[in-house]
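Asker: predicted model follows, preceded by the sequence.
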Amino acid sequence: MKTECTHCNRRKFTNAGLGSLAIAGIGSAVFGYDFLSPNALYEPPQIVDAGTPDRYPPGSVTPHAQSGIYIVHGPEGLYALSAVCTHLGCVTAWRPELELIACPCHGSKFHIDGVKIEGPAPRPLPWLKTWLNDDGNLMVDRSEILTRKQFVRVQA
Amino acid sequence: MNLRRTRVWRSIFRSGEGDSNLHRSLAVQQNVFLHLASVKIRARALEFGVTWYLGTLSMASFVILVGTGVLLMLYYHPSVPQAYADMKDLQFVVSAGVFLRNLHRWAAHAMVLLVFAHMFKVFYRAAYRPPREFNWVVGVMLLLLTLFLSYTGYLLPWDQLAFWAITVGSNILAAVPLAGAKIRFLMLGGHTVNANALLRFYVLHCVILPLVAAIFLAVHFWRIRKDGGLCTGDKNGDKSGGKNE
């Protein structure tokens, strides 16, 4: 008499097949995720060289439209503020006549220290990490958001 | 010479001559384009009042969009900043370009409107009820695909309206808990709406989403037949939905 259970082999075969497919599926998912995340980005870098600090006289607010930041020279020193609205990512505009930052998309308004005055924005405009590099240029890292205020002081 | 009796005709349409029910059924069954549909339907299902032909009109807009879209692709480069110039060329330089572009745009608006109207019509006629509940789900997928197609197409002109609409839209996506920022990064292929985003949206708009939509459309039409034809709401012959007591 041959094997009693002829379909057991078929079941084993099916399970092995399904198992292999599952492993291949997970592999494809990992590969797919990796493939879809670009390793090199041809877009403006996150770290911005804002030039020498003497470009920013005391009391000035200087927008950098290309990199979406403001360099503010307040009484306590220089600091960088993200110009990207925390509501839905529009680039805000500095309004010197009103002395505030306004978003053209949905009307959020901010003080020059980033604190929201009114509008739908859920958070203040973030403060960005700033430092002076070896050449004495003011550097801003747009990807690093400060939790505490920090100023760059320069000797006049 | 009767064309229908030639050897070539007979080799293509094999159901043969004759107007018996069998011949008519075979004519539908043996045609790859018609076989999704039923060989026999209730005459009432063809009346305007039953469907307002909204599903057919949605499909017609889809066909117009594929036709005009493929032609627009012949003049459009999905690159920065060429895309905007190509769009302007289509409007002012290419013969019949403005006609094709406007037809594509209006058909896209019409399709969103018609798909919503189709959904309301199905809803108010209770045609979503068993045994048609799965086809309602397929329909919801098709609604989402229609909206994704609209959204991805919106970026392609690469003008200010497109750029900011996609910036705002992708930031809404970033509000997804935990994975939001990562999903946004994968969708845009970067941190901002840029060349990678334009290319990704182009591929989604022209290849992936229409292909997926075509598969769902095939299932959607096939299920009409499998679920007992269109919901006419008649007492006779339709044991589901409608105004049955």
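Answerer: Perfect, I can see it now.
Asker: contacts and neighbour counts: CA atoms only from here.
Answerer: Fine.
Asker: so what pLDDT did the closest residue to chain A within chain B get?
Answerer: Minimum separation of chain B from chain A (Cα to the nearest Cα) falls at B:Val168, amounting to 4.9 Å. Looking at B:Val168, its pLDDT is 90.
Asker: wait, isn't it in contact with A:Gly89?
Answerer: Yes. Judged on Cα atoms under 8 Å, B:Val168 makes contact with A:Gly89 at a distance of 6.0 Å.
Asker: give me the more crowded residue out of the two.
Answerer: Between B:Val168 and A:Gly89, counting by other Cα atoms under 10 Å in any protein chain shown, A:Gly89 is the more crowded of the two (20 against 16).
Asker: can you pull the buried residues of the strand or helix carrying B:Asp89?
Answerer: According to DSSP states H and E, B:Asp89 maps onto helix B:82-92. Buried residues in helix B:82-92, counting neighbours by 16 or more other Cα atoms under 10 Å in any protein chain shown, are found at B:83-87, B:89-91.
Asker: closest to B:His35 among those residues?
Answerer: B:Leu90 (38.6 Å; Cα to Cα).
Asker: ok, the closest one - contacts?
Answerer: B:72, B:75, B:97-98, B:101 (Cα atoms under 8 Å, 6 or more residues apart in numbering or on different chains).
Asker: on that earlier part again, will you turn the buried residues of helix B:82-92 into a markdown table that also has pLDDT?
Answerer: Formatted as a markdown table, these follow (pLDDT from 0 to 100):
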| residue | pLDDT |
| --- | --- |
| B:Ala83 | 96 |
| B:Tyr84 | 96 |
| B:Ala85 | 96 |
| B:Asp86 | 96 |
| B:Met87 | 96 |
| B:Asp89 | 96 |
| B:Leu90 | 96 |
| B:Gln91 | 95 |
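Asker: now tabulate those residues in CSV and tack on distance to B:Arg42.
Answerer: Formatted as CSV, those follow (distance: Cα to Cα, whole Å):
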residue, distance to B:Arg42
B:Ala83, 49
B:Tyr84, 50
B:Ala85, 52
B:Asp86, 49
B:Met87, 47
B:Asp89, 50
B:Leu90, 46
B:Gln91, 46
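Asker: so which pair among these is furthest apart in space?
Answerer: Once Cα to Cα is applied, the buried residues of helix B:82-92 give B:Ala83 and B:Gln91 as the farthest pair, at 12.6 Å.
Asker: which stretches of chain B form helices?
Answerer: B:7-12, B:21-29, B:48-51, B:54-73, B:82-92, B:97-124, B:133-155, B:160-173, B:180-188, B:195-203, B:209-226 (DSSP state H).
Asker: looking at those helices, which one is packed in the most?
Answerer: By mean neighbour count, with neighbours taken as mean count of other Cα atoms under 10 Å in any protein chain shown, helix B:195-203 ranks first of these at a mean of 21.
Asker: now check the helix or strand containing A:Arg11, is it near chain B?
Answerer: Take DSSP H and E as the rule and A:Arg11 turns out to sit in helix A:6-36. Yes. Shown here: helix A:6-36 in contact with chain B (Cα under 8 Å from any Cα of the partner chain) through A:Leu36.
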